[in-house]
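**Student:** Just a sequence and a predicted model for now, questions to come.
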Amino acid sequence: AQSVAQPEDQVNVAEGNPLTVKCTYSVSGNPYLFWYVQYPNRGLQFLLKYITGDNLVKGSYGFEAEFNKSQTSFHLKKPSALVSDSALYFCAVRHYGGSQGNLIFGKGTKLSVKP
Amino acid sequence: NAGVMQNPRHLVRRRGQEARLRCSPMKGHSHVYWYRQLPEEGLKFMVYLQKENIIDESGMPKERFSAEFPKEGPSILRIQQVVRGDSAAYFCASSPLLTETPSGANVLTFGAGSRLTVL
């Protein structure tokens, strides 16, 4: 079965430190991978995507993610965390064989950045 | 340029009543998607629609749930005879017309969601 796993329910980071939010996936075929962020009482906002090409993808707000095919991972990273980065982060993969917009989401990781 | 607009933001229904959730896509977007988020869970795909056409309803429960996207007006997600297990946040997303190429892989724009509570 196709799936996305975010092994950490919560990640705590001090402001200014690097952050990593982990994501692994299981999907048939070449994966289309996405990261979205959700702030309280808001919809999900797109951060970045990997379709093809360079394994390191740069996105909004200074975030980047590295696609690792051998480890089937797509971890989200940022060199220096901000308190305003505190939110819920979702990794997603397009359902292989499904229609466009049919994404499989992980359960989310709550990122807490302390001053 | 308004984003994806959903209403109502909060809806309370008693068991057995009907719930109607509305979604107006972003200007210029012709594709609408509905997702459901249960407590402590990620989003689950429900249905994908274009104007007057259901493209993919593989995630829709077989009974009580229906969706439409008429030629004029917003997309509607309708839940008949609601039960407590329907309590969730329902998110609508939209995207423009995309070709089936890697560069066209869709990026969804989400609304703020409609939170349904069934008493």
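**Tutor:** Looks like it came in fine.
**Student:** contacts and neighbour counts: CA atoms only from here.
**Tutor:** Fine.
**Student:** tell me the contacts of the residue nearest to residue A:91 when sequence neighbours are not counted?
**Tutor:** Excluding the flanking residues, the one nearest residue A:91 by C-alpha to C-alpha, 6 or more residues apart in numbering or on different chains is residue A:35, at 4.6 Å. Residue A:35 makes contact with A:46, A:47, A:48, A:49, A:76, A:89, A:90, A:91, A:92, according to C-alpha atoms under 8 Å, 6 or more residues apart in numbering or on different chains.
**Student:** mind putting these in JSON lines, pLDDT included?
**Tutor:** Formatted as JSON lines, the contacts of residue A:35 follow (pLDDT from 0 to 100):
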{"residue": "A:46", "pLDDT": "92"}
{"residue": "A:47", "pLDDT": "95"}
{"residue": "A:48", "pLDDT": "94"}
{"residue": "A:49", "pLDDT": "92"}
{"residue": "A:76", "pLDDT": "98"}
{"residue": "A:89", "pLDDT": "97"}
{"residue": "A:90", "pLDDT": "96"}
{"residue": "A:91", "pLDDT": "96"}
{"residue": "A:92", "pLDDT": "95"}
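**Student:** and which of these is nearest residue B:111?
**Tutor:** Closest approach to residue B:111 among the contacts of residue A:35 (C-alpha to C-alpha): residue A:46, at 11.8 Å.
**Student:** got the contact list for the closest one?
**Tutor:** A:34, A:35, A:36, A:37, B:107, B:108, B:109.
**Student:** go with 6 Å
**Tutor:** residue A:36 (C-alpha atoms under 6 Å, 6 or more residues apart in numbering or on different chains).
**Student:** Checking it next. Helix, strand or coil?
**Tutor:** strand (DSSP: H, G, I helix; E, B strand; the rest coil).
**Student:** Any idea what it is bridged to?
**Tutor:** residue A:36 (DSSP bridges).
**Student:** Which residue comes closest to residue 2 once chain neighbours are left out?
**Tutor:** All of this refers to chain A. residue A:27 (4.7 Å).
**Student:** um, chain B though
**Tutor:** Nearest non-adjacent residue to residue B:2 (C-alpha to C-alpha, 6+ apart): residue B:26, at 6.5 Å.
**Student:** my read: the one you found touches residue B:4, true?
**Tutor:** Yes. Taking C-alpha atoms under 6 Å as the definition, residue B:26 is a contact partner of residue B:4 at 4.8 Å.
**Student:** which residues of chain A fall in strands?
**Tutor:** With DSSP state E as the criterion, chain A has strands at A:3-5, A:10-14, A:19-21, A:24-26, A:33-38, A:44-50, A:56-58, A:64-68, A:73-78, A:87-94, A:103-105, A:109-114.
**Student:** which residue is nearest the centroid of chain B?
**Tutor:** Centroid-nearest residue in chain B: residue B:34, 2.7 Å away (criterion: C-alpha atoms, centre = their mean).
**Student:** surely that residue meets residue B:43?
**Tutor:** No. Look at residue B:34 against residue B:43 with C-alpha under 6 Å: they stay out of range, at 9.6 Å.
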